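**Student:** 3D, please:
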Amino acid sequence: MNGHAIVVSAFIIAWLSASLRLAGPVLLAALGETFAERSGILNVGIEGTILLGALVSFLSSYRTGMIWTSLLVATLAGVTVNFFLAWMYVSVRASQVITGLVFNVFALGLATTVYRLVLGGSAAPESIAVFQPLRVPMIGRIPFLGPVIFGQTAPFYLTLLLAMVAQFVLYRTYFGLALRATGENPAAADAAGISVHRMRYLGTLLSGAGAGMAGGYLVLAQVGLFRETIVAGQGFIALAIVIFGRWHPLKATVAALVFGACDALQLSLQIFGNKVPPQFLLALPYIVTILAISGFFGKAVPPAALMKPYVKG
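**Tutor:** From the prediction side, this is the model:
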């Protein structure tokens, strides 16, 4: 293998490996959001939920050094704050878009305040306990595939498992059937004995769990620190992934990998040098997001009752 081939191979391996790593948080958020939207709720507040999950996981790891506990705490934090969102969406029947956007602003202010109060005037710690890549013996040495697929962190494999679980729950269980019926025809679901409000509450809480865990993933398996700008629109990208994936967990997984590849491309090109303007590369994931929600990749038909409050007749 000549020098050029070695460089190309190293570039592809680095790019694909980063693609999988970066796809994890947005996929988690998208999986949770799929449950919310299947129930008829557009939870725009996942952007703020990811941020709060990131903050909680950072502080937990900083104080305890227990990474799995920190990931769990981030998930529970996401569920907790989404109780409020579920109440606003379902019981109060407030505008889902406006409520979610206001919550995102509130979450930013809350995260900033709590972070500064906890750490005081001291500088942020240079490192916290984080997940390390798993090195699978023998399998991890397989040329090309080994370092790409079998060199990721534990949360990545957990995310893939959760995608399969989400697929099974949505399409092979009574709960999934009831949830989808609620999002398609809430009046018929109510007539069949399904509690529309309960299903929509549960859908929103599952969305919060996914977004909270995504924040924990972002801190504990990728960045290793907390900043107010750490989320950088990944909640909105997750919303686009749900559309791109046609409200289907496995298709959302493929869509998340596409977005991860776009995000990783600019990192890999910076490492190996390129003549493409860096501003374009940084904007690439968001350009794909706009194309996904605009119908460029084909018309997407959302659940019929999405964003439609239900009042029992």
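**Student:** all helices of this structure, in order?
**Tutor:** 3-38, 46-64, 67-86, 96-119, 145-149, 154-172, 174-184, 186-191, 196-217, 234-244, 249-272, 278-294 (DSSP state H).
**Student:** tell me which of these lies nearest to residue 312.
**Tutor:** helix 186-191 (6.2 Å; C-beta to C-beta). Glycine gets a C-beta too; all of them are placed from N, C-alpha and C.
**Student:** show me what that closest one is packed against.
**Tutor:** helix 174-184, helix 196-217 (3 or more C-beta pairs under 8 Å, 6 or more residues apart in numbering; DSSP states H and E).
**Student:** how about 6 Å then?
**Tutor:** Contact analysis of helix 186-191 by 3 or more C-beta pairs under 6 Å, 6 or more residues apart in numbering; DSSP states H and E lists helix 196-217 as its packing neighbours.
**Student:** distance from the helix it packs on to the middle of the chain?
**Tutor:** 11 Å (C-alpha atoms, centre = their mean, to the nearest Å).
**Student:** now stretch 149-165
**Tutor:** The answer for stretch 149-165 is 13 Å, by C-alpha atoms, centre = their mean.
**Student:** outside of that stretch, which residues touch it?
**Tutor:** 20, 24, 27-28, 131, 133, 136, 139-140, 217, 221, 249, 253 (C-beta atoms under 6 Å, 6 or more residues apart in numbering).
**Student:** who's in contact with residue 306?
**Tutor:** Here residue 306 is in contact with 37, 40 (C-beta under 6 Å, 6+ apart).
**Student:** can you start the count at 829 instead of 1 from here on
**Tutor:** OK, 829 is where the count begins now, so the last one is residue 1134.
**Student:** and it, how far is that from residue 943?
**Tutor:** Noted for residue 1134: a distance of 34 Å to residue 943, by C-beta to C-beta, to the nearest Å.
**Student:** before we move on, back to that, want to try JSON lines for the helices of the chain, with distance to residue 1139 as columns?
**Tutor:** Formatted as JSON lines, these follow (distance: least, C-beta to C-beta, whole Å):
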{"stretch": "helix 831-866", "distance to residue 1139": "19"}
{"stretch": "helix 874-892", "distance to residue 1139": "25"}
{"stretch": "helix 895-914", "distance to residue 1139": "17"}
{"stretch": "helix 924-947", "distance to residue 1139": "15"}
{"stretch": "helix 973-977", "distance to residue 1139": "49"}
{"stretch": "helix 982-1000", "distance to residue 1139": "26"}
{"stretch": "helix 1002-1012", "distance to residue 1139": "14"}
{"stretch": "helix 1014-1019", "distance to residue 1139": "10"}
{"stretch": "helix 1024-1045", "distance to residue 1139": "10"}
{"stretch": "helix 1062-1072", "distance to residue 1139": "26"}
{"stretch": "helix 1077-1100", "distance to residue 1139": "30"}
{"stretch": "helix 1106-1122", "distance to residue 1139": "29"}
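**Student:** tabulate those helices in JSON lines, adding columns for distance to residue 1056 and mean neighbour count.
**Tutor:** Below are the helices of the chain laid out as JSON lines (distance: least, C-beta to C-beta, whole Å; neighbours: other C-beta atoms under 10 Å):
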{"stretch": "helix 831-866", "distance to residue 1056": "17", "mean neighbour count": "22"}
{"stretch": "helix 874-892", "distance to residue 1056": "8", "mean neighbour count": "27"}
{"stretch": "helix 895-914", "distance to residue 1056": "17", "mean neighbour count": "22"}
{"stretch": "helix 924-947", "distance to residue 1056": "5", "mean neighbour count": "16"}
{"stretch": "helix 973-977", "distance to residue 1056": "32", "mean neighbour count": "16"}
{"stretch": "helix 982-1000", "distance to residue 1056": "22", "mean neighbour count": "17"}
{"stretch": "helix 1002-1012", "distance to residue 1056": "34", "mean neighbour count": "19"}
{"stretch": "helix 1014-1019", "distance to residue 1056": "38", "mean neighbour count": "17"}
{"stretch": "helix 1024-1045", "distance to residue 1056": "13", "mean neighbour count": "28"}
{"stretch": "helix 1062-1072", "distance to residue 1056": "14", "mean neighbour count": "27"}
{"stretch": "helix 1077-1100", "distance to residue 1056": "20", "mean neighbour count": "20"}
{"stretch": "helix 1106-1122", "distance to residue 1056": "18", "mean neighbour count": "16"}
